[in-house]
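J.: One predicted model, sequence on top.
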Amino acid sequence: MQVTQLYIENQRIDLFQDEVISLTQTIQNVRDIEKVFTDFSKSFTIPASKTNNKIFKHYYNFDINNGFDARKKVSARLEINHLPFTDGKIKLEGVDMRNNKPYAYKITFFGNTVNLKDQLGDAKLSALTWLNNFGLGYTAGSVRSYMQSGYSPTIDSVTYTDAVLCPLISYDQLITISAPNISADFTKFKYAIRLWLIVKAIEEEGLVTFTDDSFIKQTDNPQFYNLYMWMHRKEGDVFEDTQARMLYASFPFDISSMTRVKSYGGSIQVSGLSGGQVISSTLSIYTSTTDNYTVEIQKDGFTVVNEVVSGGGNHSINLNLTNSFGYTVYITGTPLDSFDCDWFCSDSALGESNNFNGSSQQITGFVFSPLDQIPDMKIIDFLSGLFKMFNLTAYEVSGELRVIPLDDFYSEGTIRDITEYVDINQSSVDVALPYKEITFGYEGTGTYLAKQYEQINEIGWGSVEYRGDDNFDGQKYEVKIPFEHMQYYRVEGSTIQIGQFSSEPLDNTADSSPYFDKPLLFYPISRSGNTVTISGTGITTYYIPSNSVDINAATNNDTCHFSVEINEYTGGTDLDGSLFANYYQSYIADVFNSKRRLIKVSANLPVSFLINYTLADTLRIADKSYKINSITTNLNTGASQLELLNEV
């Protein structure tokens, strides 16, 4: 008989002697391949003992102030016979009352990866204040400059090469084409930021820490590292009005004065509050301007305060702060006005207070700020999109999240023989797939050329359909990633390739027809030759947008298509390093193999196996080898139900 120990925030809880704790583990399930799975258990009960009542702060008594907050998961770990098994989170589901007294708490254990969504919540990319380091001036001259070479700032002694650049992508179809040259006003273009930097910003904000070998932290794979996101937040040009707008980023860096409030210069972060606790605060603004200005406070990218100060002068705002990845202050006003901001915060529960004294900051003109211009997208949706795009799997390692391609995950497993533990009297053999066809593609394909392609070919631009044989029965399954995918246009006889983010065809005389949908990802490629005239001045070197890392397949044949498509620049079909070919094909083709089966067996697995195996391992039963689809284990007895995929 095995003994299970459960700890909640390092405090061991009491368990019912006969309570069954059943845990299911799976990393990628053939029934739902687009989702990243993790450990989960069915809900189980624990006694309302003195120890457990203390841990859950007598949750059944709703008159207690600052009690246990059941809306949030809390850290936990499971041990078997006092040996480490797995870490995760516990969620309190409720309390079973008998004779008006607490009898048992109902709880559910979750693996740590499933907590990623809870951890990130609804925070948007615009909450990543570290990206403020990459704000740039926005004039005709600066647009021309960053079309020719990227912006490479040094931040904390680290140089970020080509962090921001300006591609030949217009937000509508009004580019004048006089082959082999083009011309347009600078306001038709917007900057783009390296995708890798957004991942970096997520870490810099302390939201998630990825292991150093995580795929999305690597710089040596151009299929990922060379991707950029076009900063197209709203339909039309970037100018909201004629006034300057700035993120006030002059609060001091102070993470020690208060326990639950930290200042990171550009943001105030709050954590550790529970129940109905708040941080009372007053934002004080000092300025000599007599012109109107607007103060906006955002929480995690959402506006919570927006006040116009008529006639200028000093102003104060009282606001109760709650748990947040970052409160930020934006000021819109007349250029060259100076502002000082102090933010006084008081934590009455801990008896702490501090005044975060800002230094003077000037509004010096329009700045193209990534926080203002980055697409309106949740951080969790951004990461989920990358996971689907590159078939990544995520799991926790020593408190950090490791994110690697599924094929790499399986390659790290070992072979474990479980023949002696398997019940040979009962098993089942099922069809591995519940569907006959899988389509991989993008959610956004509404720009004119991409839409035209779909109408002609009856499949989305860059999409791929993978089918079984004609006799294979089942449902269709779609994997869609939440980004835009454009088809680009090479100007005839020139070195120029452009992207027109428009739902209408190329037409130099038409009314402006901007398009707006999903965030656009692309590869910039530097080209020289013909002339691009921006607001009256010509340049002959520029970044063209592309769906491939390079225009020459012999140099690099990787793309951001799921399919093999025509090279828009050369017209060839030799760019065959698609996302499907590089990250999905081996797994999907294996699953679709006519000899593939889903085997279900029962086993009584010993502690020595349970505390050492990983989902990457290959299991041997007699003379056959299997990948693990899922394992459901009674931690008290070791009795397990295994779903296995035979190797073919």
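T.: Received the coordinates, thanks. What you see is a predicted model, and the numbers here were worked out from it, not measured in a lab.

J.: Ala201 and Trp130 touch, don't they?
T.: Yes: taking contacts as C-beta atoms under 8 Å, Ala201 lies within contact range of Trp130: 4.4 Å. C-beta here means a position set from N, CA and C on the backbone, and glycine is covered the same way.

J.: what bits of the stretch 201-350 of the chain have low per-residue confidence?
T.: Along the stretch 201-350 of the chain, the model assigns pLDDT under 70 to residues 240-243, 335-336.

J.: nope, the chain is what I meant
T.: For the chain, applying pLDDT under 70 flags the ranges 1, 28-39, 112-115, 240-243, 335-336, 364-365, 431-434, 468-474, 506-513.

J.: tell me the domain boundaries of the protein?
T.: Using automatic domain parsing, the domain parsing of the chain gives 4-115, 121-239+366-405+434-593, 241-365, 406-433+594-646.

J.: now the end-to-end length of stretch 632-641.
T.: For stretch 632-641, the separation between the terminal residues is 5 Å (C-alpha to C-alpha, to the nearest Å).

J.: in that stretch, what's buried?
T.: Within stretch 632-641, the residues that qualify as buried are 632-636, 638-640, counting by 16 or more other C-beta atoms under 10 Å.

J.: who touches Lys595 in this structure?
T.: By C-beta atoms under 8 Å, 6 or more residues apart in numbering, the contact set of Lys595 is 646, 648.

J.: any idea how far it lies from Val429?
T.: 11 Å (C-beta to C-beta, to the nearest Å).

J.: quick one, which of the domains of the chain is packed in tightest?
T.: Mean neighbours per residue, mean count of other C-beta atoms under 10 Å, is largest over these for domain 121-239+366-405+434-593, with a mean of 19.

J.: First-to-last residue distance for it?
T.: Domain 121-239+366-405+434-593 end-to-end distance (C-alpha to C-alpha) = 39 Å.

J.: try stretch 331-339
T.: 9 Å.

J.: Can you show me the CA trace of stretch 453-467 as PDB?
T.: This file holds the C-alpha atoms of stretch 453-467, laid out as PDB (Å, rounded to 0.1, in the frame of the first residue of the first chain):
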ATOM      1  CA  TYR A 453      -6.200  32.900 -53.200                       C
ATOM      2  CA  GLU A 454      -8.800  31.200 -51.000                       C
ATOM      3  CA  GLN A 455     -11.600  31.800 -53.400                       C
ATOM      4  CA  ILE A 456      -9.600  30.200 -56.300                       C
ATOM      5  CA  ASN A 457      -8.000  27.300 -54.400                       C
ATOM      6  CA  GLU A 458     -10.800  26.600 -51.900                       C
ATOM      7  CA  ILE A 459      -8.200  26.500 -49.000                       C
ATOM      8  CA  GLY A 460      -6.700  29.300 -46.900                       C
ATOM      9  CA  TRP A 461      -3.400  30.900 -48.000                       C
ATOM     10  CA  GLY A 462      -0.700  29.100 -46.200                       C
ATOM     11  CA  SER A 463      -3.000  26.400 -44.900                       C
ATOM     12  CA  VAL A 464      -2.500  22.600 -45.300                       C
ATOM     13  CA  GLU A 465      -5.000  19.700 -45.200                       C
ATOM     14  CA  TYR A 466      -3.700  16.400 -44.000                       C
ATOM     15  CA  ARG A 467      -5.900  13.400 -44.800                       C
END
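
J.: Include distance to Phe110 when you put the buried residues of stretch 632-641 into a markdown table, please.
T.: Output for the buried residues of stretch 632-641, formatted as a markdown table (distance: C-beta to C-beta, whole Å):
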| residue | distance to Phe110 |
| --- | --- |
| Thr632 | 15 |
| Thr633 | 16 |
| Asn634 | 18 |
| Leu635 | 15 |
| Asn636 | 19 |
| Gly638 | 22 |
| Ala639 | 22 |
| Ser640 | 19 |
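
J.: Return the subset of those lying in strands.
T.: 632-634, 639-640 (DSSP state E).

J.: now those as JSON lines including distance to Ser170?
T.: Formatted as JSON lines, those follow (distance: C-beta to C-beta, whole Å):
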{"residue": "Thr632", "distance to Ser170": "54"}
{"residue": "Thr633", "distance to Ser170": "57"}
{"residue": "Asn634", "distance to Ser170": "61"}
{"residue": "Ala639", "distance to Ser170": "63"}
{"residue": "Ser640", "distance to Ser170": "58"}
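
J.: could you pull out the helices for the stretch 401-550 of the chain?
T.: 406-411, 448-457 (DSSP state H, counting those that start in this stretch).

J.: Repeat that for the chain.
T.: Secondary structure of the chain (DSSP state H): helices at 50-55, 116-120, 140-148, 195-204, 222-225, 370-373, 379-389, 406-411, 448-457, 579, 585-592, 607-610.

J.: Quick one: closest of those to Thr176.
T.: Among these, the nearest to Thr176 by C-beta to C-beta is helix 140-148 (15.6 Å).

J.: so what's the residue nearest to Leu23 when sequence neighbours are not counted up against?
T.: Nearest residue to Leu23, sequence neighbours excluded (C-beta to C-beta, 6 or more residues apart in numbering): Ser41, at 4.7 Å. Each residue near Ser41 by C-beta under 8 Å, 6+ apart is listed here: 21-24, 108-110.

J.: From Lys91, how far out is Ser41?
T.: When Ser41 is compared with Lys91 (using C-beta to C-beta), they lie 10 Å apart.

J.: Give me the common contacts of the two.
T.: Counting by C-beta under 8 Å, 6+ apart, the common neighbours of Ser41 and Lys91 are 108, 110.
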